[in-house]
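# Sequence and predicted model, in that order:
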Amino acid sequence: MSDELTLTGAPLRLTGVVAGYGGRPVVHGVSLDAEPGRIVSIVGPNGSGKSTLLKSVVGVVDVLDGTVTVGDAEVTHLPSEEIARIGVGYVPQVDDVFGPLTVRENLEMGGYLLPRPQVAGHVEKVITWFPRLGTMLGRRANQLSGGERKMLAMGRALMLEPAVVVLDEPTASLAPAVALQLLEEHVRLLAASGASVLIVEQRAKAVLKISDFTHVLVGGRLRMAGTPQQLASDPGFVESFLGGGDGRHAADHLTAD
């Protein structure tokens, strides 16, 4: 068995997805693709349906119309456990770890679909991605810093070696430097290792810098889409999400090392 995680990506495709609660739509007719090895981000104002859209992908919120596929498998109306088994890892914005449990126990919980003899090996693989977790395996999750908790949440999702990784506001409540490190190191590594990555993020400038393609969701509908460079050259996008100023200069900033 390899000592490293193997993320064999699969395309994620949403076609005309309508989703919401109690039969009432919050997301209206959203279509987007996320391909292996690429990061696709979704930005937009608060209350625009971003988290609802992600929850519809992973089976937490009902899809009222449209389809969600992972590779050749349609997962539109499958329960969350089956979607995870097919290869979708999900890191929610809140309640992303079990506070009273240790780091090791949290990781083991993330491997609940694995044959029991494989769990310990997958814990060791996750630690190769997040070496810091290896130094605190016996510490309870509620004793970790915000950045450490988010690393643990991502590690739990990686226990099943997912083909698609769905991240909902992974930098929420993190200090700016920690948030930037999480995006530029760990999220980039997911895509570089072959996974299809779909991420919702409020830090528009930071997430555009790591994205291959970005969608803007407003009022539950896609209003704009493009590469980071295309969006950073759009005056409307710059004014709304990058703090105004010259779009050409914003594009230069996004492509800077």
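Yep, that arrived. None of the values given here were measured: they were computed from a predicted structure. Residues are numbered from 1 along each chain as shown.
# buried ones in stretch 210-224?
Of all the residues in stretch 210-224, those buried under the rule 16 or more other Cβ atoms under 10 Å are 210, 211, 213, 214, 215, 216, 217, 218, 220, 222, 224. Yep, even glycine has a C-beta here, placed from its N, CA and C like the rest.
# what sits against the first one?
I take that to be residue 210. 39, 41, 183, 184, 187, 188 (Cβ atoms under 8 Å, 6 or more residues apart in numbering).
# quick one: which of the buried residues of stretch 210-224 sit in strands?
Using DSSP state E, 213, 214, 215, 216, 217, 218, 222, 224 are the members of the buried residues of stretch 210-224 that sit in strands.
# which regions of this protein sit below the pLDDT cut-off?
1-3, 243-257 (pLDDT under 70).
# Let me know the closest of the contacts of residue 210 to residue 14.
residue 41 (14.2 Å; Cβ to Cβ).
# Double-check that that closest one belongs to a helix.
No: read with DSSP: H, G, I helix; E, B strand; the rest coil, residue 41 is strand and lies in no helix.
# What number of neighbouring residues does it come out with?
25 (other Cβ atoms under 10 Å).
# Please list only the buried members of the contacts of residue 210.
Counted by 16+ other Cβ under 10 Å, the contacts of residue 210 give 39, 41, 183, 187 as buried.
# other SSEs contacting the helix or strand harbouring residue 150?
When elements are assigned from DSSP states H and E, residue 150 belongs to helix 146-158. If you count contacts as 3 or more Cβ pairs under 8 Å, 6 or more residues apart in numbering; DSSP states H and E, helix 146-158 packs onto strand 88-91, helix 103-110, helix 116-129, helix 131-134, strand 164-168, helix 176-181.
# what's in contact with the longest one?
If you take Cβ under 8 Å, 6+ apart as the criterion, helix 116-129 is touched by 1-5, 104, 107-108, 111, 114, 133-134, 155, 158-161, 186, 189.
# Among those, the buried ones, what's the ChimeraX command?
Buried members of the contacts of helix 116-129, defined by 16+ other Cβ under 10 Å, are picked up in ChimeraX with:
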select :5,104,107,108,111,114,133,155,158,159,160,161,186,189
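# Let me have the ones in strands among the buried residues of stretch 210-224 in a markdown table, extended by distance to residue 94.
Formatted as a markdown table, those follow (distance: Cβ to Cβ, whole Å):
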| residue | distance to residue 94 |
| --- | --- |
| 213 | 26 |
| 214 | 23 |
| 215 | 23 |
| 216 | 23 |
| 217 | 19 |
| 218 | 23 |
| 222 | 25 |
| 224 | 27 |
